[in-house]
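Peer 1: Here is my input, please return the structure:
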Amino acid sequence: MSTTYALQPHIRIISEELQVRPEQVGRTAELLADAATVPFISRYRKEATGGLDEVAIQDIKEQLERLEALEKRRTTVLDTIEAQGALTEELRKRIADTWDPRELEDLYLPYKPKRKTRASMAREKGLEPLAEMIFSMKAIEGGLNRAAAAFVNDDVVSPEEALQGARDIIAERVSEDADARSQLRACYSREAVIASKLVKKKEREAAKYRDYFDWSEPLKRCRAHRLLAILRGVREGFLRVSVSVEEERALEILRGRFFHRGARKQQDVPSNASSRPDPECAAQLNTAFEDACRRLLAPSLENEFLSAAKEAADEESIKVFAENLRQLLLAPPLGPKKVLGIDPGYRTGCKVVCLGGQGQLLHHDVIYPHEPQNRAPEAEARLLELAAAHEIEAVAIGNGTAGRETEQFVRRIDFGRPVSVFLVNEDGASVYSASEEARREFPDQDVTVRGAVSIGRRLMDPLSELVKIDPKSIGVGQYQHDVDQKKLRAGLDAVVESCVNQVGVHVNTAGRALLRYVSGVGPQLAERIVQFRAENGPLRSREELLKVPGLGPKAYQQCAGFLRIPDSQQPLDASAVHPESYPVVERMAKDAGCSVAELMASPELRKGIDLNGYVDEKTGLPTLRDIMAEMARPGRDPRPALEEFRFIEKVRSIDDLEPGMVLPGIVTNITRFGAFVDVGIKQDGLVHISEMADRFVKDPAEIVHVQEKVTVKVLEVDRDRGRISLTMKQG
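Peer 2: Residues are numbered from 1 along each chain as shown. Down below sits the predicted model:
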């Protein structure tokens with residue numbers, strides 16, 4: 001338990017924040033420290049974590065990383081202040097006790113190395129004693145101007161310049177006061193307003209941002225998609241944005257903080273002296289407070305709150321993108337069938353590929369069924385020839401340019417036997433076709449052939465094909481290019497890893513791109529597995545994985561349960577049962593008087609097993625229940641079956657739409673404010689969250705999922721802006 005003990009404060013904080021028992025956090029932390037992956041822990045270590053799911057384990061992992069980064073920063077802060085000889089015991093305790101990164105930075109701010117400032121230059125001129133006089137708020141014999149005159153020298157030409165320098169010192173001190181910043185931060189949290197304005201003379205170019213030309217609302221109510229849209233407008237030079245509170249509210253906080261503080265510090269004032277601050281000093285302080293607010297605190301807190309709002313918007317958006325990606329990756333697969341893939345086009349023709357049941361390229365060609373060539377009869381004859389020669393079972397057509405026209409052309413063809421036709425989302429196909437992975441797979445083919453292959457394979461198995469593409473190129477959200485790219489990559493990669501391991505991977509047919517996401521594998525081992533297969537033939541058992549160079553016991557433990565070998569002599573190798581549990585299953589089979597294969601095939605034999613009899617120190621009831629569930633459906637794909645879908649033929653462009661039309665559609669994207677639906681034209685329509693049901697909807701994901709088939713009604717068509725408003729309400 002050494003790891004848990006060392007992380008004890010972290011475990012307590014995470015437990016309280018995530019509402020998870022400390023022992024669950026501690027055991028999860030130990031497993032993560034031992035290089036266990038999130039999918040492995042959630043699937044095969046339920047006894048240790050108390051049954052935490054992937055989401056909870058991922059949250060714990062992220063919180064541990066955040067707190068570890070905070071600890072490193074704390075060490076840097078302490079070392080820097082100590083090196084300056086300024087680390088008091090009180091300050092050390094405050095730094096050690098804080099778990100708020102903002103408070104830590106506030107405490108560090110007065111000691112943080114910085115460039116030359118107005119205050120530092122004033123200190124170099126010897127004006128700090130004058131600043132102290134003013135800050136004490138005591139009456140000064142002879143008056144403040146006389147006191148300031150005493151500081152006039154070659155560097156300070158007048159009493160006015162001396163007072164200005166003193167105010168600069170006070171303004172910086174006020175702006176770096178941790179308690180003042182904390183009080184102001186609380187004010188910003190309650191009252192900050194975000195506002196955007198049009199940059200002058202940019203109205204025509206900024207038309208798409210016209211909703212934000214003169215706009216404001218409380219920052220705490222600003223939704224993620226609005227903030228990201230505004231910040232995109234700022235980045236493109238069309239908008240200016242500000243975050244602020246009323247200046248008088250900020251000044252009230254500073255006066256309350258420092259006038260009272262000054263009074264408390266007047267230990268040397270006689271007991272009969274007035275407790276009221278000296279009017280001259282108070283006036284100088286008020287001017288310094290105004291300067292501190294406008295020049296130092298307001299810009300700093302504006303940046304802080306704008307950054308925090310952006311970070312929160314990123315996190316919310318990444319969650320939406322991640323869930324969209326999960327639903328896209330887990331979309332129903334056609335399975336290992338022979339597919340004809342078509343990448344549609346007008347002038348350059350339609351690129352056609354014939355794929356075998358495992359996605360291998362058998363043939364490629366080009367047909368010209370559309371204008372300007374318009375060689376439809378020849379194209380039809382060629383498709384019939386190819387379908388017969390390669391025993392085609394389904395046709396996959398990209399949904400880009402000429403997609404609908406090509407779909408209608410193909411549907412009119414009589415293949416003489418059942419051939420299903422599907423319109424396939426081709427987002428990112430061009431990215432894949434020009435990628436290193438595509439060049440490695442098809443070094444002798446050009447990008448057009450690779451793109452058509454990708455379209456065909458997406459129909460067969462969306463997951464296996466989409467893992468080859470940068471997730472943000474698949475069309476998983478509106479603002480995927482506006483959020484923190486490092487966090488987006490981490491979040492989407494975690495989703496891909498989760499989906500790959502949820503479905504499982506056939507180790508002898510999977511490519512490098514898919515294998516790299518298997519728990520414990522990664523890019524290097526994926527390459528070695530593929531190379532091992534090429535040199536030695538298909539793996540015959542999970543145990544043979546240990547013969548792959550570099551795949552040691554730890555990697556084997558992490559990956560073995562997610563890799564499937566359907567033709568293995570060990571029937572459990574085709575299932576999600578982990579090899580470490582094979583002895584338990586073999587004991588069950590022996591007790592039932594049968595083989596493992598017979599136990600897996602017989603529900604009656606499994607019904608006679610009392611799981612309590614197999615509980616031991618390593619294996620608990622959660623794992624035993626998982627084993628029994630897996631034996632009932634060994635290696636079965638958890639994704640639903642694919643159903644054929646058709647758009648309305650007469651609707652091909654936005655000009656064909658009219659309010660009141662009822663159309664079939666497919667959900668392509670989900671946001672916090674609604675869902676985008678493809679109704680068979682270039683532009684997706686929006687079903688606003690208020691139009692999703694005849695009741696209040698908090699989250700569109702409650703109602704629909706990506707790739708779901710829905711029926712919508714057209715509410716409004718804005719042809720100038722290319723916007724389509726839809727409703728899913730029944731009325």
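
Peer 1: Assumed Glu405 was part of a strand.
Peer 2: No - secondary structure of Glu405 (DSSP: H, G, I helix; E, B strand; the rest coil): helix, not part of a strand.

Peer 1: What residues sit buried inside the lengthiest helix in the chain?
Peer 2: With residue count as the measure and DSSP state H as the assignment, the chain has helix 298-329 as its longest helix. Neighbour-count burial for helix 298-329, counted by 16 or more other C-beta atoms under 10 Å, picks out 298, 301-302, 304-306, 308-310, 313-314, 316-318, 320-329. For the C-beta atoms, the positions are set from N, CA and C on the backbone; glycine is no exception.

Peer 1: cool, stretch 289-299 as well?
Peer 2: Within stretch 289-299, the residues that qualify as buried by neighbour count (16+ other C-beta under 10 Å) are Phe289, Glu290, Asp291, Ala292, Cys293, Leu296, Leu297, Ala298.

Peer 1: Restrict the helix or strand that the longest helix of the chain is followed by to CA atoms and write it as PDB.
Peer 2: Using DSSP states H and E, the helix or strand that follows helix 298-329 in sequence is strand 339-343. This file holds the C-alpha atoms of strand 339-343, laid out as PDB (Å, rounded to 0.1, in the frame of the first residue of the first chain):
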ATOM      1  CA  VAL A 339     -18.400  -4.700 -51.000                       C
ATOM      2  CA  LEU A 340     -18.200  -2.400 -54.000                       C
ATOM      3  CA  GLY A 341     -17.100   1.100 -52.800                       C
ATOM      4  CA  ILE A 342     -17.700   4.200 -54.800                       C
ATOM      5  CA  ASP A 343     -16.200   7.700 -54.300                       C
END
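
Peer 1: What is the next helix-or-strand element following strand 339-343 packed up against?
Peer 2: Reading on from strand 339-343 to the C-terminus, the next helix or strand found by DSSP H and E is strand 350-355. Strand 350-355 sits against strand 339-343, strand 361-367, helix 376-389, helix 447-460, with contacts defined as 3 or more C-beta pairs under 8 Å, 6 or more residues apart in numbering; DSSP states H and E.

Peer 1: Please work out which of these is packed deepest.
Peer 2: Mean neighbour counts were taken over those using mean count of other C-beta atoms under 10 Å, and the top value, a mean of 29, falls to strand 339-343.

Peer 1: List the neighbouring strands of it plus their orientation.
Peer 2: Looking at strand 339-343 with DSSP bridges, its paired strands and their directions are strand 350-355 (antiparallel), strand 394-398 (parallel).

Peer 1: Could you dump those strands into JSON lines with mean pLDDT and mean neighbour count added?
Peer 2: Compiled in JSON lines, the strands paired with strand 339-343 are given as follows (pLDDT from 0 to 100; neighbours: other C-beta atoms under 10 Å):
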{"stretch": "strand 350-355", "mean pLDDT": "97", "mean neighbour count": "25"}
{"stretch": "strand 394-398", "mean pLDDT": "96", "mean neighbour count": "26"}
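
Peer 1: Which one of those lies nearest to Gly126?
Peer 2: strand 394-398 (75.1 Å; C-beta to C-beta).

Peer 1: got the angle for the closest one vs helix 447-460?
Peer 2: For strand 394-398 against helix 447-460, the angle by axes from the mean of the first three to the mean of the last three C-alpha atoms, to 10 degrees is 120 degrees.

Peer 1: what sits against the residue positioned nearest the centre of the chain?
Peer 2: Taking C-alpha atoms, centre = their mean, the centroid of the chain lies closest to Ile318, which sits 3.0 Å from it. Contacts for Ile318 were tallied using C-beta atoms under 8 Å, 6 or more residues apart in numbering; they are Val483, Asp484, Lys487, Leu488, Gly491, Leu492.

Peer 1: Number of residues surrounding the second one?
Peer 2: One way to gauge burial is a neighbour count; for Asp484, by other C-beta atoms under 10 Å, it gives 16.

Peer 1: so who does it touch?
Peer 2: By C-beta under 8 Å, 6+ apart, Asp484 lies in contact with Glu311, Asp314, Ile318.

Peer 1: just curious, which of these is nearest to Glu172?
Peer 2: The shortest gap between Glu172 and any of the contacts of Asp484 belongs to Glu311, at 27.2 Å (C-beta to C-beta).

Peer 1: Need phi/psi at the residue lying closest to the closest one once chain neighbours are set aside.
Peer 2: Take Glu311 and drop its neighbours on the chain: the residue closest to it by C-beta to C-beta, 6 or more residues apart in numbering is Asp484, 7.4 Å away. Note on Asp484: its backbone torsions stand at phi -60, psi 110 [degrees, to the nearest 10].

Peer 1: what separates Asp484 from Gly680, distance-wise?
Peer 2: Using C-beta to C-beta, to the nearest Å, one gets 35 Å for the distance from Asp484 to Gly680.

Peer 1: what do you get for Glu371?
Peer 2: Remark: distance between Glu371 and Gly680 (C-beta to C-beta) = 20 Å.

Peer 1: Between these two, point out the one with more neighbours.
Peer 2: Gly680 (23 against 10).

Peer 1: Hmm, the more buried one is touching Phe647, no?
Peer 2: Yes - with contacts counted by C-beta atoms under 8 Å, Gly680 reaches Phe647, the gap being 3.1 Å.

Peer 1: mind checking which helix or strand of this protein has the lowest mean pLDDT?
Peer 2: Across the helices and strands of the chain, the lowest-confidence element by mean pLDDT, DSSP states H and E is helix 2-6, at a mean of 48.

Peer 1: Next SSE downstream of that one?
Peer 2: Past helix 2-6, heading to the C-terminal end, the next element that is a helix or strand (DSSP H and E) is helix 8-18.

Peer 1: How far off centre is the helix or strand that comes right after that next one?
Peer 2: Later in the chain than helix 8-18, the nearest helix or strand by DSSP H and E is helix 22-33. Counting by C-alpha atoms, centre = their mean, to the nearest Å, helix 22-33 is centred 24 Å from the centre of its parent chain.

Peer 1: intersection of neighbour lists for Gly680 and Phe647?
Peer 2: When contacts are counted by C-beta under 8 Å, 6+ apart, Gly680 and Phe647 are jointly contacted by Arg404, Leu663, Gly665.

Peer 1: Check the last one and give its pLDDT.
Peer 2: By that I understand Gly665. The score at Gly665 is 92. That number is its pLDDT.

Peer 1: What count of nearby residues applies to it?
Peer 2: Neighbours of Gly665 (other C-beta under 10 Å): 24.

Peer 1: pretty sure it belongs to a strand, no?
Peer 2: Yes - with three-state DSSP as the criterion, Gly665 is part of a strand.

Peer 1: Report the contact partners of it.
Peer 2: When contacts are counted by C-beta under 8 Å, 6+ apart, Gly665 touches Phe647, Val677, Asp678, Val679, Gly680, Gly685, Lys709, Val710, Thr711, Val712, Leu726.
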